[in-house]
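[1] Below are the sequence and a predicted model for it; my questions follow.
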Amino acid sequence: MSQDTNAASSVHAGNGQAHRSRSPFRQTISALLNDRLALVGILLVLVFILAAVFAPVIAPQNPYDLSQLDILDGRLPPGSASMNGMVYLLGTDDQGRDLLSAILYGLRTSILVGISSAAIALVIGASIGLVSAYAGGRLDSFLMRVVDIQLSFPAILIALIFLAILGQGVDKIILALIVTQWAYYARTIRGSALVERKRAYVDAARSMALPDRRILFRHILPNCLPPLIVVATMRVAYAIMLEATLSFLGIGLPVTEPSLGLLISNGFEYLLSGDYWISFFPGLVLLLLIVAINLIGDSLRDILNPRREG
Amino acid sequence: MSNPILSISNLDTSFRVGGEWRNVVRDVSFDIGPRETVAVVGESGSGKSVTAMSIMRLLPPGNSRVTGRIDFEGRNLLDLPLDEMQSIRGNRIGMIFQEPMTSLNPVLKIGQQITEVLVQHRGMSHGQAEVEAVRLLEKVRIPSAKSRLNEYPMNFSGGMRQRVVIAIALACDPKLLIADEPTTALDVTIQAQILELIKTLQEEEGMSVLFITHDMGVVAEISDRTVVMYRGDAVETGTTQEIFAGAKHPYTRALLSAVPQLGSMTGLDRPLRFPQVDMATGEIQPVEPTADTVKRDAAPILKVDNLVTRFDIKKGFLRKTVGRIHAVEGVSLQVRQGETLSLVGESGCGKSTTGRSIIRLTDAKSGTIEIDGKNVLGAGKSQLADIRREAQMIFQDPFESLNPRIRVGDAIAEPIVTHGLANATEAKERVGELLERVGLSASMADRFPHEFSGGQRQRVCIARALALEPKLIIADESVSALDVSVKAQVINLMLDLQEKYGLGYLFISHDMAVVERISHRVAVMYLGEIVEIGPRQAVFENPQHDYTKRLMAAVPIADPARRQTRRISNDEIRSPFRAADYVPPQRRYLEAGDGHLFLVA
């Protein structure tokens, strides 16, 4: 028994040659790419993001350059040709705006608002949750009561109040979405950080007299990321939806920067008169985007679940 | 042997892992006779538990494949339809599992859990079942059984829960009892009680027992015949006497030589390495004696005086303190350079808390601690960082104490870099050196902890602890989670390092046999206090305190010739919980010899 008996049973440890093993992050990515549904989600999201980024290049017209619009082209059904020979693939809205172009530009706003608000809320929420869990005691109690209060109000109500005070604008809605969402991240990460903090590797780090900051961000944080990533993907979808709702209600974004929600709202009044496409196509894109993000989130939740079989 | 109860022939079990079938039990055959106890012994991954699960057909049918024959009462269990198997499981064959904390349903009363089985399997009415449940609890020697029927599992201690589990297993009068590591999670004095109970019940009920364990000491205590398993093969089968007296297979010999035996150190005053066995020839290589490493003339590296650590138990809205756990009460000890002081005791005795308090992972209430002459309890943040460089800790569970997301090389380099001992490139070199020093290769630095086995991970933890070149290492149950052979290797490594670098060890353990092997001096703890402290030889050969004697009597001895008969006691380990106004009594120690002190009641 000159060799560790467990060594040979472990596939990796058996050979003594140098190899750089894959990090947990890369393992997660490859597991994600092996899941078909998640792959569909990723491809869809990628298509939407590319479409949003390159909207000015690929859109047939700039839907907000009034000089390009012709009011006489208003409410044309999908596939109609305009006076100047251009084909409106998805039809036009009441202003004679090409819906395809409007959707591409709308995606831009929706994705920008969704991702940036979720990302900023994540950083703020995660920091607060992490500090709360590590410090414990009164600070923890105080911060978590704030989170409780925040979570006891419906998100839409908080956003409404906030926007009513601040007024309209992309920056304002991002701010409103951050305010409504940070608490979810804080609560999530605090839960996992409390578990991680008690684990022996944190004791080991403390007994080596590593600075608190380092223990917090290099040891505890990476181990709390899995649930956080799952929550974050779901929250991006939720933020996009919330923004759409607010815009639909007419208090989100100004008409000059329409998002998908505003487009749906614009076509709403024509829905019953048979001009379905004005609301339908933006709605469909919104639905696909949300479903695609949720597919990724679901798959991530399964992959990152520590109790997963195998 | 006439007509075995259970006869296993050519058992093969495979699991599907990622589309491939992996064979985990190969061609295992053995019989269990009436009223016979057969032990299946092996280290983790040897397939011993899988063998038990195969007999009970408890493996998931989709991902596992079992072939061979398992004859029980004239039928091949592997051919039975599942519903017939169901009537054998729990009825003709009872089973006890390792973890008494999880094998009982926490939200059902004990009484319900027993009567459920009786009503289901034996068709009793509820009234009858209740009477029978009391009889069963009395059978497993649970005091005032009747009144305990209405309690929940959380009101029972680990040992008592295991008794309840045994009572449930006995409910249907099984012909065969399969016990899968039933005492591994228990303290040594409780383990002795449960082993004794199983033995007595076997005689009373006339059943056969299949006992699965990793502990050679337990095997020697309980079994008539023994099957030694190694990586899926049954390498040796024979009567327990034969195997212990003259094992033939090199693995069995290696396993036996790695088992620490209480009393094997009589007459020696220094620690002793474990002998290594050549796996090819089965020859045992002689051990070289350890050098005298203790620096008696220098000041002690660790000095603890009257250490007290208590945890307040608060209740209610106003968080009023209703009581305290007196985890550590008036502990004083010293460790010299090159010396190993072992703190030994059962769970809840405060030995780990003492270790954690010393480097301030847990806040002590009062007392003084000096590490290398520096006051620990009064130290500020930067002084504490300096002190922690002198004293490093190695934890029990090597799977837990390494951050799973950091490569081991980075984990070892981290303290070197953050303490400014070297820059990143120099640190990398140091990491390679440290890994080699603990018997790993420098090229392993790029791996993640999950790619190592348990023993290798513990080596990584030791390398990390050595990174700051400490003078004192606090090893908190550092070898308890390891397999016997790996445990022996890690202990040998620790002794090597002590010889080379003059390290002082505070070795915290519940395992008397290991402690006897590794220590210069021993302190026995009970309920937060040191009840006896002194040179190892004096404490082991001439124990003074009652608790020390009890502890030593409870340790299973890996020698069937020295099997002891004990009476079944019901003594539980008491809790150090006290009311808020409790004032601990003043303690007095008597001297039994040079530096050998014990507590007087």
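    Perfect, thanks for sending it.

[2] quick one: which helix or strand includes residue B:210?
    Using DSSP states H and E, residue B:210 sits in strand B:208-213.

[3] and the helix or strand that that strand is followed by, what does it pack onto?
    Once the chain leaves strand B:208-213, the next helix or strand it forms, by DSSP H and E, is helix B:216-222. Counting contacts by 3 or more CB pairs under 8 Å, 6 or more residues apart in numbering or on different chains; DSSP states H and E, helix B:216-222 is packed against strand B:37-41, helix B:188-205, strand B:208-213, helix B:240-245. No exception for glycine: its C-beta is placed from N, CA and C like everyone else's.

[4] okay if I get those as a markdown table plus distance to residue B:312 and mean neighbour count?
    As requested, these are exported to a markdown table (distance: least, CB to CB, whole Å; neighbours: other CB atoms under 10 Å in any protein chain shown):
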| stretch | distance to residue B:312 | mean neighbour count |
| --- | --- | --- |
| strand B:37-41 | 44 | 25 |
| helix B:188-205 | 28 | 19 |
| strand B:208-213 | 40 | 25 |
| helix B:240-245 | 50 | 18 |
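
[5] With distance to residue B:378 as extra columns, can I get these in TSV?
    Listed next are the helices and strands packed on helix B:216-222 as TSV, based on distance: least, CB to CB, whole Å:
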stretch	distance to residue B:378
strand B:37-41	51
helix B:188-205	37
strand B:208-213	48
helix B:240-245	54
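
[6] Quick one, which of those gets closest to chain A.
    Among these, strand B:37-41 comes nearest to chain A, with 13.6 Å by CB to the nearest CB.

[7] how big is the angle separating that closest one from helix B:188-205?
    Interaxial angle of strand B:37-41 relative to helix B:188-205 (axes from the mean of the first three to the mean of the last three CA atoms, to 10 degrees): 140 degrees.

[8] Could I get the pLDDT score of the residue of the stretch 51-200 of chain A found nearest chain B?
    Residue nearest to chain B within the stretch 51-200 of chain A (CB to the nearest CB): residue A:200, separated by 3.9 Å. In this model, residue A:200 is scored at 87, pLDDT.

[9] what sits against it?
    Going by CB atoms under 8 Å, 6 or more residues apart in numbering or on different chains, residue A:200 touches B:395, B:396, B:397, B:400, B:401.

[10] what sits against the residue nearest to the spatial centre of chain A?
    Centroid-nearest residue in chain A, with CA atoms, centre = their mean: residue A:236, separated by 1.9 Å. For residue A:236, the contacting residues are A:114, A:115, A:118, A:293, by CB under 8 Å, 6+ apart.

[11] Then the first one would be within a helix, right?
    Yes - inclusion of residue A:114 in a helix is indicated when DSSP: H, G, I helix; E, B strand; the rest coil is applied.

[12] Give the residue spans of the stretch 151-300 of chain B that score low on pLDDT.
    B:282 (pLDDT under 70).

[13] CSV for the helices and strands packed on helix B:216-222, including distance to chain A?
    Formatted as CSV, these follow (distance: least, CB to the nearest CB, whole Å):
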stretch, distance to chain A
strand B:37-41, 14
helix B:188-205, 23
strand B:208-213, 16
helix B:240-245, 17
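
[14] And the residue of chain B closest to chain A?
    In chain B, the residue found nearest to chain A is residue B:453; the distance is 3.1 Å by CB to the nearest CB.

[15] Any idea how far stretch B:107-124 is from the middle of the chain?
    32 Å (CA atoms, centre = their mean, to the nearest Å).

[16] Pull out the buried residues from that stretch.
    For stretch B:107-124, burial by neighbour count (16 or more other CB atoms under 10 Å in any protein chain shown) applies to B:109, B:110, B:111, B:112, B:113, B:114, B:115, B:116, B:117, B:118, B:121, B:124.

[17] And the contacts of it?
    Contacts of stretch B:107-124 from elsewhere in the structure, counted by CB under 8 Å, 6+ apart, are B:87, B:90-91, B:104-105, B:125-126, B:128-130, B:132-133, B:136-137, B:148-153, B:156, B:164, B:167-168, B:171-172.

[18] mind giving me the domain ranges of chain B?
    In the domain annotation for chain B, the residue ranges read B:1-92+B:175-248, B:102-171, B:302-405+B:453-600, B:407-447 (automatic domain parsing).

[19] who wins for proximity to residue A:193 among those?
    Nearest to residue A:193 among those is domain B:302-405+B:453-600; the distance by CB to CB comes to 13.8 Å.

[20] Could you work out the end-to-end span of stretch B:345-361 for me?
    End-to-end distance of stretch B:345-361 (CA to CA, to the nearest Å): 20 Å.

[21] Indicate whether that stretch makes contact with chain A.
    Yes - using CB under 8 Å from any CB of the partner chain, we find that stretch B:345-361 touches chain A at B:356, B:359, B:361.

[22] Okay, and the first one sits in which element?
    Here residue B:356 sits within helix B:351-358, counting by DSSP H and E.

[23] Packing partners of that helix?
    For helix B:351-358, the packing partners by 3+ CB pairs under 8 Å, 6+ apart come out as strand B:302-315, strand B:320-335, strand B:340-344, strand B:366-371, strand B:391-394, strand B:472-476, strand B:504-509.

[24] any idea of the angle it forms with strand B:472-476?
    Angle, helix B:351-358 to strand B:472-476, by the same axes, to 10 degrees: 150 degrees.

[25] contacts for helix B:351-358?
    Among residues not part of helix B:351-358, those counted as contacts by CB under 8 Å, 6+ apart are A:203, B:302, B:304, B:307, B:309, B:327-328, B:331, B:343-345, B:362-364, B:369, B:371, B:376, B:391, B:393, B:474, B:476-477, B:506, B:508-510, B:525.

[26] And the helices in chain A?
    A:5-9, A:24-34, A:36-53, A:55-58, A:99-135, A:137-152, A:155-166, A:170-197, A:200-207, A:212-214, A:221-248, A:260-268, A:277-304 (DSSP state H).

[27] returning to that earlier point: filter the contacts of helix B:351-358 down to the buried ones, PyMOL style.
    Filtering the contacts of helix B:351-358 down to the buried ones (16+ other CB under 10 Å) takes a single PyMOL command:
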select buried, (chain A and resi 203) or (chain B and resi 302+304+307+309+327+328+331+343+344+345+362+364+369+371+376+391+393+474+476+477+506+508+509+510+525)
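
[28] Test my guess that residue B:215 contacts residue B:184.
    Yes - using CB atoms under 8 Å, residue B:215 is in contact with residue B:184, at 7.3 Å.

[29] between these two, which one's more packed in?
    More crowded of residue B:215 and residue B:184, by other CB atoms under 10 Å in any protein chain shown: residue B:215, with 18 against 14.

[30] What separation do you get for that one and residue A:283?
    According to CB to CB, to the nearest Å, residue B:215 and residue A:283 sit 67 Å apart.

[31] for residue A:33, same thing?
    For residue A:33, the distance to residue A:283 - CB to CB - is 30 Å.

[32] These two: which is more packed in?
    Per other CB under 10 Å, whichever of residue A:33 and residue A:283 has more neighbours is residue A:283, with 18 against 12.

[33] I'd guessed the more buried one sits against residue A:264; true?
    Yes - contact criterion CB under 8 Å: residue A:283 and residue A:264 qualify, at 5.2 Å.

[34] Tell me the strands beside the strand holding residue B:210, with direction?
    For strand B:208-213, the paired strands and their directions (DSSP bridges) are strand B:37-41 (parallel), strand B:176-180 (parallel).

[35] May I see these organised as TSV, with distance to residue B:8 added?
    Shown next, in TSV, are those (distance: least, CB to CB, whole Å):
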stretch	distance to residue B:8
strand B:37-41	10
strand B:176-180	12
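
[36] Just list the residues touching residue B:206, thanks.
    Going by CB under 8 Å, 6+ apart, residue B:206 touches B:34, B:35.

[37] Ok, residue A:282 next?
    By CB under 8 Å, 6+ apart, the residues touching residue A:282 are A:99, A:102, A:103, A:106, A:260, A:263, A:264, A:267.

[38] Which parts of the stretch 451-600 of chain B are strands?
    B:472-476, B:504-509, B:521-526, B:529-535, B:577-579, B:588-593, B:596-600 (DSSP state E, counting those that start in this stretch).

[39] Fine by me, thanks again.
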